[in-house]
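Asks: build the 3D model from these lines:
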Amino acid sequence: MNVSSHPIENSFELAALRCADLTPFVYQRLFTEHPETQAMFRSQGSALVKGSMLALTIEAILDFAGERRGPFRLIACEVVSHDGYGTPRELFIAFFAVIRDTLRELLGDEWSPAIAQAWDALLAEIEAFAGIAA
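Replies: From the prediction side, this is the model:
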């Protein structure tokens, strides 16, 4: 497998070598760190919703961190959509940090300073893009 030179892409590629599906790891962390989110997911069909939501989020993250061809716009759309659900913007943004923290845990020693720095910058940019930055 060719590993990307882009630190964000690289973090996902390295994680893919360790697990086939990030979904259970991401949502376990989300529900542990933000227990109020568990009630936001219906019990029937929840796995499909979670998997789809995570896949779209990863696609938006990769586009936002890369060429910004279009999928990153989903972030702005989903901010408004989640506002309609009553989801606080801070909680919406916390999902991106949960993904980062899940990747960091999976990568262990391979979580490099370059990956950490790229994720920190990305999260700050996403916060500003979503209209929450101070």
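Asks: show me the helices in the protein, by range?
Replies: Across the chain, reading from the start of the chain, the helices by DSSP state H fall at 7-18, 23-33, 46-65, 73-85, 89-107, 113-129.
Asks: chain center to the first one: distance?
Replies: Relative to its parent chain, helix 7-18 has a centroid offset of 13 Å by CA atoms, centre = their mean, to the nearest Å.
Asks: what helices or strands is it leaning on?
Replies: Here helix 7-18 is seen to pack against helix 46-65, helix 89-107, helix 113-129 when contacts are counted using 3 or more CB pairs under 8 Å, 6 or more residues apart in numbering; DSSP states H and E. (Glycine included, C-beta is placed from N, CA and C.)
Asks: okay if I get those helices as CSV plus distance to Val80 and mean neighbour count?
Replies: Output for the helices and strands packed on helix 7-18, formatted as CSV (distance: least, CB to CB, whole Å; neighbours: other CB atoms under 10 Å):
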stretch, distance to Val80, mean neighbour count
helix 46-65, 14, 16
helix 89-107, 10, 18
helix 113-129, 13, 15
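Asks: of the helices of the chain, which shows the lowest average pLDDT?
Replies: The stretch with the lowest mean pLDDT among the helices of the chain is helix 73-85, which comes in at a mean of 82.
Asks: with distance to Ala39 added, can I get the helices of the chain in a markdown table?
Replies: Shown next, in a markdown table, are those (distance: least, CB to CB, whole Å):
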| stretch | distance to Ala39 |
| --- | --- |
| helix 7-18 | 28 |
| helix 23-33 | 10 |
| helix 46-65 | 11 |
| helix 73-85 | 12 |
| helix 89-107 | 12 |
| helix 113-129 | 25 |
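Asks: which one of these lies nearest to Met40?
Replies: Between Met40 and the helices of the chain, the shortest gap by CB to CB is with helix 73-85, which sits at 7.3 Å.
Asks: only the buried residues of the closest one, if you could.
Replies: Within helix 73-85, the residues that qualify as buried are 74-75, 78-79, 82, counting by 16 or more other CB atoms under 10 Å.
Asks: how near is the residue minimising distance to the centre of the chain to Ile8?
Replies: The residue at the geometric middle of the chain, judged as the C-alpha nearest the mean C-alpha position with CA atoms, centre = their mean, is Phe96 (3.5 Å). For Phe96, the distance to Ile8 under the criterion CB to CB, to the nearest Å works out to 11 Å.
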